[in-house]
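Engineer: Pasting the sequence and the predicted coordinates here, then a few questions.
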Amino acid sequence: MDKHDIVFLFPRTEFLNNFSLHHGVSYIEAYCRKQGYITAQFNPNYPAKLHDVMEFIRTHHPRYVGLTCYDNTYFYVKTISEEIKKEFPDVFIVVGGVTPSLVDEFIMNDCPKIDYCIRGFAEIPVAQLIKGVQSEKIKGLTFRKEGKTIRNESQNYSEFKENGLDILPSPILTGLPCMSHEVIINTSRGCFFDCAYCCCGEFIKNKVLFFSMDRVMGELKELDKISKKLVKEGGYKLNVMIMDDTFGIDLKRAKDILKKIIHYDFMLDFFAATRFDCVDNELLELMKKAGFEIELGLESVSKKSLKLISKTSRGQSSAYGNCSCRESEFLRKAEQTIKKCNELEIKYHVNIIVGIPGEDINDLRRTVEFLKDNNTQEIAPSQFTLFGNTRIYHTREKIGIELEENPFILPFKVKVKNGIDDPDRLCKLDFNRIIHEESIEMPQIFLNSNMLESDDPGQCFVLSTCDIDTEIIEYIRSKIIVDGIVIFSHQGEVICSENLALKLIRSKIPIRRYVHIGKTQKPLHDLRYFLKEVPVKSITDKEFIRDLEIPNDIVTQVRLTSPELARDVIEKYEESDDDPDNQIYLEDDCKFFGECCMLKKAKTIIGDKKQIKFCNSSDWIGNITDSDKKIDERLMSLKKNLDQRGCDSCSVKKNCPKCLFPKPLTVKQYCELMKDYLEGMPTFD
């Protein structure tokens, strides 16, 4: 394969796994290719491991490696950068995106393996780097020279003043493939508003730049061709997500775009995000007719909070009409807009922020009640996030925000005085159920046991040992994907798990979530980024299970000790799935629900003698030193037991998990239980 000038890496993670090509980087690629440079993106449709990332680099021989960095993916960016430099010390690593635009100096000081941070639009600076332009002459570039971090002047985007954003080639119109049901386009970049918490305003300093109408329509016409072809072949039509920072910030222009979309009658679905103070009735009617789903940003109904986050203020004046309004008018406009959306029966949801500094549970309740009273269709909650170098970051001490210690600098861990204790947990509430039911009660919620599950083979490791040596670390490194989970299930104290988690972090194992399961009196809390501490009560008492009196500050762990308990708990476990107050972590759950985890290797359990198995109830199947081939051969020999049971001729064979280790049940008891439970249920091929 030809040597590439630059490759861009996006290993699949919880945050970056739903696109075939990264939208922002596709613009960089299109611009670089126009200059004659060879580029590629690594966007696997499978859970990639570190060695997959490294193999991609070996195959493409790049001079530069680019990574888009968000606060919540900085851990991966840092880990991957260090791995790359270990094998390819001469490859230059460039990071861009919102986070490097805000905290470039933090990143450069924290990760010496990163060579460049790009602040703002990256198309032109990346091309200049590849061309060999002297670093000091590239606007928006942060780099090192003689051991010091140099921060060039910011971009002023003067290149776009005459022709707008059209000087950036379109990925859609230049042949970069469209392989996803959802396709992102932009009609503009930037926002005039000056929300104190938002990273957008800091990204390009409250400016708005536009693509021309011809450019926008050209992209939509091309996507319409693709969509019609997909539908003709029996597939789906494309969903076009217009990811402007604020669609409708130029109200007249937005209406012109919608009228053209209606005129061309595109075979496309649409989505756009906007604000309550950037829409009117005519715009909403046009969006309905054009087939749009809408996202509307409310954040809170507390006027104090809206003022604190500067929700209604603007950074610069504009020629596009007065979009801004004060807090009372903003809330009045929200009521009017929700009412109109309901009349039009347009699909929409309203964003709220949980944990704004100074807000308590009553403020959150009032926000939810406001939306309930106005018959809001859907709520989309998000947790308050502190971004570096935003206005709220610089005034954090005055409003009661403290930064806490963190093994990595990002995301910032914060403690908010006089605020909601656990906004992360509250974000897990089913707000839409609350607003559509009579009761407005705010139930307590605790860790959803689904986080202990894994859909991806090799993603979850359960360590029942406190002795993690180099051999175990290297074994996990070779198997884990770049968004793995490690569960500590030893009998030691929580502090032991904390130390083991930090040991893995410092060994550059790319794992986002750490879980401790064990008896402890410590209250449930979430360190958010690296370690979950979960108080667990082991339950074997049939009466307790029947009554389901589960304290709401623990995850309930059930080990089946008898056929009677198994029969009793199976229905209770199913009921608990939809109720956040009744969550049970069934230690042996894989034998009753879903495909047998032993055969699909859903989680790897490592014992204190380095033995491994893939099911809590199974016998040890090998050792970490055994080859994958040897392990698979042993699994296949176990699978032959299913043939001896007569599973192929069983009436519930399509729904039964076919558990290989149904302890404490005998095989006969297990089969009877499955037939009783599954008989008559619809089958799924």
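Structural biologist: Now that the structure is in, tell me what you want to look at. The shown structure was predicted, so the numbers you read here are calculated from the model rather than taken from an experiment. Numbers count the residues shown, from 1 in each chain.
Engineer: From the structure, what's the count of residues near Val91?
Structural biologist: Neighbouring residues of Val91 were enumerated by other Cβ atoms under 10 Å; the total is 18. Where C-beta positions appear, they are placed from N, C-alpha and C, glycine not excepted.
Engineer: Same check on the one 10 residues further on?
Structural biologist: Counted with other Cβ under 10 Å, the burial measure for Ser101 works out to 25 neighbours.
Engineer: Wait, it touches Phe121, no?
Structural biologist: No: using Cβ atoms under 8 Å, Ser101 is not in contact with Phe121, being 9.3 Å away.
Engineer: The nearest residue to Phe488 once chain neighbours are set aside and Thr465: what is the separation?
Structural biologist: Of all residues not flanking Phe488 in the chain, Ser497 sits nearest, at 4.0 Å (Cβ to Cβ, 6 or more residues apart in numbering). Using Cβ to Cβ, to the nearest Å, one gets 12 Å for the distance from Ser497 to Thr465.
Engineer: How is Ile353 assigned, secondary-structure-wise?
Structural biologist: Assigned with DSSP: H, G, I helix; E, B strand; the rest coil, Ile353 falls in the strand class.
Engineer: Quick one: residues contacting it.
Structural biologist: 197, 299-300, 309, 381-384 (Cβ atoms under 8 Å, 6 or more residues apart in numbering).
Engineer: Quick one: buried ones out of those residues?
Structural biologist: Buried by 16 or more other Cβ atoms under 10 Å: 197, 299-300, 309, 381, 383-384, out of these.
Engineer: May I see those residues organised as JSON lines, with secondary structure added?
Structural biologist: Converted to JSON lines, the buried ones among the contacts of Ile353 look like this (three-state DSSP):
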{"residue": "Tyr197", "secondary structure": "coil"}
{"residue": "Glu299", "secondary structure": "strand"}
{"residue": "Ser300", "secondary structure": "coil"}
{"residue": "Ile309", "secondary structure": "coil"}
{"residue": "Pro381", "secondary structure": "strand"}
{"residue": "Gln383", "secondary structure": "strand"}
{"residue": "Phe384", "secondary structure": "coil"}
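Engineer: On the pLDDT front, check Glu571 for me.
Structural biologist: Model confidence at Glu571, expressed as pLDDT, equals 57.
Engineer: 17 is where my numbering starts, stick with that
Structural biologist: Sure, I'll start counting at 17 from here, so that last one is Glu587.
Engineer: so who does Leu239 touch?
Structural biologist: For Leu239, the residues meeting the contact criterion (Cβ under 8 Å, 6+ apart) are 188, 194, 199, 201, 254, 256, 282, 284.
Engineer: Between the residues you listed, which sits nearest Val432?
Structural biologist: Of all the contacts of Leu239, the one sitting nearest Val432 is Ile201; the distance, using Cβ to Cβ, is 36.7 Å.
Engineer: Surely the residue nearest to Phe504 forms part of a helix?
Structural biologist: Yes: counting by three-state DSSP, Ser513 is located in a helix.
Engineer: So what's the residue count around it?
Structural biologist: Neighbours of Ser513 using other Cβ under 10 Å come to 27.
Engineer: what do you get for Gly374?
Structural biologist: By other Cβ under 10 Å, 17 other residues sit near Gly374.
Engineer: same check, this time on Pro373
Structural biologist: Around Pro373 there are 23 other residues, counting by other Cβ under 10 Å.
Engineer: Would you quantify the distance from it to Gly148?
Structural biologist: Relative to Gly148, and taking Cβ to Cβ, Pro373 is found at 46 Å.
Engineer: And Ile377, by the same measure?
Structural biologist: Counting by Cβ to Cβ, the separation of Ile377 from Gly148 is 57 Å.
Engineer: And for Leu380?
Structural biologist: For Leu380 relative to Gly148 (Cβ to Cβ), the value is 54 Å.
Engineer: And these two? Which one has more around it.
Structural biologist: A count of neighbours by other Cβ under 10 Å puts Leu380 above the other of Leu380 and Gly148, at 25 against 7.
Engineer: pLDDT at that one, what is it?
Structural biologist: Here, the pLDDT recorded for Leu380 equals 88.
Engineer: Could you do the one 4 residues further on as well?
Structural biologist: pLDDT, the model's per-residue confidence, is 90 for Val384.
Engineer: all strands for the stretch 367-516 of the chain, in order.
Structural biologist: Ranges of strands in the stretch 367-516 of the chain, per DSSP state E, counting those that start in this stretch, are 395-399, 417-419, 430-432, 476-479, 500-504.
Engineer: for the stretch 217-366 of the chain, that is, sorry about that
Structural biologist: Shown for the stretch 217-366 of the chain, the strands assigned by DSSP E, counting those that start in this stretch span residues 224-226, 255-258, 285-291, 308-315, 364-370.
Engineer: Next, the buried residues of the first one.
Structural biologist: Residues of strand 224-226 classed as buried under the neighbour-count rule (16+ other Cβ under 10 Å) are 224-226.
Engineer: which other residues reach it?
Structural biologist: Applying Cβ under 8 Å, 6+ apart, the external contacts of strand 224-226 come out as 173, 176, 180-181, 203-208, 261, 265-266, 269, 334, 336.
Engineer: Just flag the most distant two among those.
Structural biologist: Comparing every pair within the contacts of strand 224-226 by Cβ to Cβ identifies Tyr173 and Arg269 as the most remote, at 18.7 Å.
Engineer: Show me where the stretch 217-366 of the chain dips below the pLDDT cut-off.
Structural biologist: Applying pLDDT under 70 to the stretch 217-366 of the chain picks out residues 217-218, 330-341.
Engineer: do that again at 80, thanks
Structural biologist: Counting by pLDDT under 80, the ranges of the stretch 217-366 of the chain that qualify are 217-222, 251, 330-341.
Engineer: just the stretch 367-516 of the chain next, same as before
Structural biologist: Applying pLDDT under 80 to the predicted model, the residue ranges of the stretch 367-516 of the chain that meet it are 421-424, 434-435, 437-438, 440-446, 449-450, 453-476, 497-501, 503-514.
Engineer: ok, so what distance separates Lys164 from Thr158?
Structural biologist: When distance is defined by Cβ to Cβ, Lys164 is 11 Å away from Thr158.
Engineer: Tell me which of the two has more neighbours.
Structural biologist: For Lys164 versus Thr158, the count of surrounding residues by other Cβ under 10 Å is larger for Thr158: 23 against 8.
Engineer: what residues are up against the more buried one?
Structural biologist: Listed by Cβ under 8 Å, 6+ apart, the contact set of Thr158 reads 116, 120-121, 124, 132-135, 165-168.
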